[in-house]
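Visitor: okay, sequence plus prediction incoming.
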Amino acid sequence: MKLSVEDCTTVIGDERVTCAEAIFTPTSVSCTAAGSMLVFKTSDSQTEQHPAPLTCVGTEWRMVDGWPLPAPLLTLPIACSSPTTTVTTSTTTEPTPVKKCPAYTAATMASQCMPPPNACNLANPPMISETSISCIVGFVLFIETNPANGNPRALPSDGAVTCVNGVWTDTSGMPALSFSLNPPVHLGCTL
């Protein structure tokens, strides 16, 4: 259930954050801003917050760390909050720009994937937004073009990665990739 931006702002009070609507899909609840927290309204004056996104695995909602969402939170209204960051100069205050991660598209053909063991699950493509990539089943595959032979080369990561300051980051907080990818780059989920 969505928590409106107005209600989120009211319940958050004087915390230095910006509220936004949560993005609901059948398999995830996410936020558009990097580093956002999901805000669960527990009362008219209290919240519980957890890092975004939530992912549905089977019949269970899971948090970024892989743990199930606590049952009392399942029916509460949800919004997003992100830190209000500013850069102060001698005369003005400007918002700090948020770096975006590289945008990639899902692999749609077997020729864009690898053979087993890193084959793509074309029946269950990854869920992709500006701030997160996740798989219902398996792990996220970054599939680049091998410059030596032009064939696809898969680089597996976690079941979910999040954009943090322009870098796709795994659930441990480390960069999902340690080098730049050769285009074209596609995304897939392992079988």
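Guide: Arrived safely, thanks for sending. Numbering: from 1, shown residues only.
Visitor: element containing Val11, please.
Guide: Using DSSP states H and E, Val11 maps to helix 5-12.
Visitor: which elements pack onto that helix?
Guide: Packing partners of helix 5-12 (3 or more Cβ pairs under 8 Å, 6 or more residues apart in numbering; DSSP states H and E): strand 17-21, strand 37-41, strand 78-83. Backbone N, C-alpha and C define where each C-beta goes, glycine included.
Visitor: okay if I get those strands as JSON lines plus distance to Arg62?
Guide: Shown next, in JSON lines, are these (distance: least, Cβ to Cβ, whole Å):
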{"stretch": "strand 17-21", "distance to Arg62": "21"}
{"stretch": "strand 37-41", "distance to Arg62": "12"}
{"stretch": "strand 78-83", "distance to Arg62": "15"}
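Visitor: now these in JSON lines, with mean pLDDT?
Guide: Shown next, in JSON lines, are these (pLDDT from 0 to 100):
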{"stretch": "strand 17-21", "mean pLDDT": "85"}
{"stretch": "strand 37-41", "mean pLDDT": "88"}
{"stretch": "strand 78-83", "mean pLDDT": "86"}
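Visitor: could you dump the helix holding Val11 to PDB, C-alpha only?
Guide: This file holds the C-alpha atoms of helix 5-12, laid out as PDB (Å, rounded to 0.1, in the frame of the first residue of the first chain):
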ATOM      1  CA  VAL A   5       4.500  12.000  -0.100                       C
ATOM      2  CA  GLU A   6       2.400  14.400   2.000                       C
ATOM      3  CA  ASP A   7       1.800  11.700   4.700                       C
ATOM      4  CA  CYS A   8       5.500  10.600   4.600                       C
ATOM      5  CA  THR A   9       6.700  14.200   5.100                       C
ATOM      6  CA  THR A  10       4.300  14.600   8.000                       C
ATOM      7  CA  VAL A  11       5.300  11.400   9.800                       C
ATOM      8  CA  ILE A  12       9.100  11.800   9.100                       C
END
